[in-house]
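Engineer: Please work out how this folds:
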Amino acid sequence: MAKHPRSLTGKVVAITGGARGIGRATAAALVRKSAKVAIGDVDVELAERTAAELGGGTIALALDVTDRGSFERFLDEVERRLGPLDVLVNNAGIMQLGPLVDESDAVAARQIDINLHGVIYGSKLALARFMPRRTGHLVNIASTAGKAGVPGGATYSATKHAVVGLTEAIRGEIRGSGVETSVVMPVPVNTELAAGLVRGRGFTATVEPEQVADAIVAALEVPRHDVYVPKAINVPIRLGALLPRRVAEALGRSAKTDRILADADFSARAAYEARAAASEPSREPEHAEAG
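Structural biologist: Below is the predicted model:
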């Protein structure tokens, strides 16, 4: 028998990196469900414009996910203004591309700080609120790159593998607590983060941020841990894990999944890469979303 969807009316939802892309689309989808939404971003001015455009009482707050204190202040303010936190969507992330051997240590460290440490901080802080109440839902945005190493984005792939593993471990630790977890794994999403990428074939084609947002909402209404976008991508991913490596890699080459990041048009990515490199409050601020 199908589960009856949970109502999201009045639920307090905090979204990191919510000023644009997946974060904005998710906020918009939740506002339509009558949730109380807070978006956090290093680009406060953009977050405030986004919140005003979304309406529904959406609030915008400053957030640097790489700073645990900033993250804690963000959640404290969310709860002060909107009420006890029901959902945290750890969405903020960046993707900087190129062969690993050419990648600077600073670029690697920045991706790890935002994509992994930020998710760890958020997960800890949200769980500290959820566990005593025996309710809450932690949503971590990973990527299908968290299920396979993608050439041209080695460090990015590593961070997304880590988010998948982190969320699986959390699921085991909190089993029976009443708290839910979801890890969201989209193919490349049609946002600025995906600028200049080679388009895959079939299941690996780009999806829209609204499709990711709808999948997140669906996982909140009917709790589900593994959230693939599109849903059908789970078939080749699971099949690839069962096939001999040579066969799986050959199939990947035929679908061009091994070239999606490696053959990216860097001139088309120039603006995004510059903003991702400056995605901290101490420099010119800008947000990028995961996917």
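Engineer: what's the next secondary structure element after the least confident helix or strand in the chain by mean pLDDT?
Structural biologist: Every helix and strand in the chain was compared by mean pLDDT, DSSP states H and E; the lowest is helix 245-254, with a mean of 80. The helix or strand immediately downstream of helix 245-254 is helix 266-277, counting by DSSP states H and E.
Engineer: Now do the buried residues in that next one.
Structural biologist: R269, Y272, E273, R275, A276, A277 (16 or more other CB atoms under 10 Å). (Each C-beta comes from the backbone N, C-alpha and C, glycine too.)
Engineer: Now do the same contact list for the residue nearest to the third one when sequence neighbours are not counted.
Structural biologist: Yep, that's E273 we're talking about. If the residues on either side of it in the chain are set aside, E273 comes closest to Q96, at 6.0 Å by CB to CB, 6 or more residues apart in numbering. Each residue near Q96 by CB atoms under 8 Å, 6 or more residues apart in numbering is listed here: E103, V107, R110, Q111, T155, Y156, E273, A276, A277.
Engineer: what's in contact with the longest helix belonging to the chain?
Structural biologist: Assignment by DSSP state H gives helix 154-173 as the longest helix of the chain. Contact with helix 154-173 is made by 93, 95-97, 100, 103, 107-108, 111-112, 115-116, 119-120, 123, 127, 138, 140-143, 145-150, 181-183, 185, 225, 261, 290, as judged by CB under 8 Å, 6+ apart.
Engineer: Let's see that with 6 Å instead.
Structural biologist: Residues outside helix 154-173 that contact it (CB atoms under 6 Å, 6 or more residues apart in numbering) are 95, 100, 108, 111-112, 115-116, 119, 140, 142-143, 145-146, 149-150, 181, 183, 225.
Engineer: Walking through this structure, point out its helices one by one.
Structural biologist: Using DSSP H, helices in the chain cover 21-32, 44-54, 68-82, 105-112, 118-133, 154-173, 209-221, 234-242, 245-254, 266-277.
Engineer: The third one - what's its average pLDDT?
Structural biologist: What that stands for is helix 68-82. For helix 68-82, mean pLDDT is 98.
Engineer: For it, buried residues please.
Structural biologist: Within helix 68-82, judged by 16+ other CB under 10 Å, the buried ones are R68, S70, F71, R73, F74, L75, E77, V78, L82.
Engineer: Nearest to V235 among these?
Structural biologist: F71 (36.0 Å; CB to CB).
Engineer: measure that closest one to H117 for me?
Structural biologist: Distance of F71 to H117, computed by CB to CB, to the nearest Å: 10 Å.
Engineer: Give me the local confidence score for the residue nearest to E273.
Structural biologist: Looking at Q96, its pLDDT reads 94.
Engineer: With the one 10 residues further on instead?
Structural biologist: Looking at A106, its pLDDT stands at 96.
Engineer: do you know how far it is from V87?
Structural biologist: Separation of A106 from V87 (CB to CB): 33 Å.
Engineer: So for these two, which residue has more residues nearby?
Structural biologist: Between A106 and V87, counting by other CB atoms under 10 Å, V87 is the more crowded of the two (23 against 9).
Engineer: For the more buried one, give the beta-bridge partners.
Structural biologist: Counting by DSSP bridges, V87 forms beta bridges with V13, H137.
Engineer: didn't it look like it was pressed against H137?
Structural biologist: Yes. The criterion here is CB atoms under 6 Å, and V87 meets it with H137 at 4.7 Å.
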